[in-house]
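1. Sequence first, then the predicted structure, then my questions.
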Amino acid sequence: MGLSCRKKTTSTASQVAPASQKTYSATKPARIAILGASGYTGEECVRLLAQHPAFNVTVLTGESQAGKAFSDVFPHLVTATDVPNLIKVGDVDWDNVDAAFCCLPHATTQEILASLPTHIRVVDLSADFRLRDVSTYAEWYGGEHKAPELQKEAVYGLTEVYRNDIRSARLVANPGCYPTSVQLPLYPLLEAGLILTDDIIVDSKSGVSGAGRSAKQAFLYTEVAEGINSYGVSKHRHMPEIEQGLSDAAGSEVRISFTPHLMPMSRGMQSTCYVKMANNVTIDDLRQHLVNRYKDETFVHVLPEGQIPHTRHVRGSNYNLIAVFADRIPGRAIVISVIDNLVKGASGQAIQNLNVMLGVPEETGLMQQALFP
């Protein structure tokens, strides 16, 4: 299996960008292109960037929707911001773009990004650059990687772990939603040797928006309402991505048992992780280590003993809530992690990464609180 795109160097959110980097602000905003803006993650980028003072959306692409006003495709954003009409990727004038969010489907990104001018900083929200080993990519995504040289310079974008590398990257591979929800709680515990690398079981549940916006029978209302179903059992594409990150943390190969489930809700994600504690480690040790690791992070919060996180507590926000419980089986722990799959699991983390890349305060444009009820 391949490990992470680049070995991590941890850092805190307070660190600043290199002095040589361009400075972007409300008076000199970065010009942003969103490729694949007609999908859910592209739409979320536009929604969140409507309140970003240092980023100005100047290009939106959507191959099948080219020529349309963005508000015709997403009427709920008619008053959100002044954005251009959708165009085709081939019609983009890259001389007038500083950075891009690539929200295209898997396997469609590689050749496009390989052809971009080198001044463009890119956060790719597809899976195309998440796996270091291109043969692992071919195995799980059903086709050879078309930009292996570009893959070598990609930095994995789990912001709270790889921040130092992200800062100087030209291309950041934004993590998948399931991998984000699993790695944020388990990475520090494996790195510290507080949990064992064997017998890690992850039970994850996601809202239907994680499947994208394309019309598919399996995701019609009558197919998903009033029920729950497992999918990708023992072979979900996010498994190697999760394992490469956890292997980096542990310093040795980690294999997990992972099963995702589709829930009858629009957005939200919960990963319940069952782990073995190392000898003489207690539940309080696990919780306190996570508290210490994330105490200076804006978007990751470890809940006090006994509090249970709910997906509705993070809906529409860039936050990750984590809780740790003792299993009734001695020596085991239950770690629960919730995120909004479209925000911290996709577009919110992408903006967080681009903020880091362009030297903008990391929290900019992302301080929306959860929407409830």
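-> Ah, there it is.
2. from here on, contacts and neighbour counts on C-alpha atoms
-> Fine.
3. show me where this protein has helices.
-> 40-49, 70-73, 110-114, 134-141, 148-153, 159-167, 177-191, 221-224, 239-250, 283-294, 348-357 (DSSP state H).
4. could the ones you listed be laid out in CSV, adding distance to residue 341 and mean pLDDT?
-> CSV is the format used below for those (distance: least, CA to CA, whole Å; pLDDT from 0 to 100):
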stretch, distance to residue 341, mean pLDDT
helix 40-49, 10, 95
helix 70-73, 21, 91
helix 110-114, 23, 90
helix 134-141, 21, 93
helix 148-153, 25, 94
helix 159-167, 16, 98
helix 177-191, 5, 98
helix 221-224, 17, 72
helix 239-250, 15, 97
helix 283-294, 20, 98
helix 348-357, 9, 98
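5. Can you say which of those is nearest to residue 337?
-> helix 177-191 (5.9 Å; CA to CA).
6. contacting residues around the closest one?
-> Judged by CA atoms under 8 Å, 6 or more residues apart in numbering, the contacts made with helix 177-191 from elsewhere in the structure are 158, 160, 195-197, 202, 204, 210, 238-239, 241-242, 245-246, 249-251, 269-271, 273, 286, 289-290, 293, 320, 322, 335, 337-339, 341-342, 344-346.
7. from the helices of the chain, which stretch is densest packed?
-> Of the helices of the chain, the one with the most neighbours on average (mean count of other CA atoms under 10 Å) is helix 348-357, at a mean of 26.
8. Verify the stated contact: residue 169 with residue 357.
-> Yes: with the criterion set as CA atoms under 8 Å, residue 169 and residue 357 qualify as a contacting pair; they are 6.7 Å apart.
9. what do those two both touch?
-> Taking CA under 8 Å, 6+ apart as the contact criterion, the residues that touch both residue 169 and residue 357 are residue 121.
10. what are the ranges of the strands in the stretch 251-373 of the chain?
-> Using DSSP state E, counting those that start in this stretch, the strands of the stretch 251-373 of the chain run over 256-262, 269-276, 300-302, 320-326, 332-339.
11. Return the set of buried residues in the first one.
-> Of all the residues in strand 256-262, those buried under the rule 16 or more other CA atoms under 10 Å are 256, 257, 258, 259, 260, 261, 262.
12. hang on, the earlier thing: with distance to residue 85 added, can I get the helices of the chain in JSON lines?
-> JSON lines is the format used below for the helices of the chain (distance: least, CA to CA, whole Å):
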{"stretch": "helix 40-49", "distance to residue 85": "12"}
{"stretch": "helix 70-73", "distance to residue 85": "6"}
{"stretch": "helix 110-114", "distance to residue 85": "20"}
{"stretch": "helix 134-141", "distance to residue 85": "32"}
{"stretch": "helix 148-153", "distance to residue 85": "30"}
{"stretch": "helix 159-167", "distance to residue 85": "30"}
{"stretch": "helix 177-191", "distance to residue 85": "28"}
{"stretch": "helix 221-224", "distance to residue 85": "30"}
{"stretch": "helix 239-250", "distance to residue 85": "35"}
{"stretch": "helix 283-294", "distance to residue 85": "40"}
{"stretch": "helix 348-357", "distance to residue 85": "21"}
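13. Which one, of those, ends up nearest to residue 327?
-> Distances from residue 327 to each of those were compared using CA to CA; the shortest belongs to helix 283-294, at 9.3 Å.
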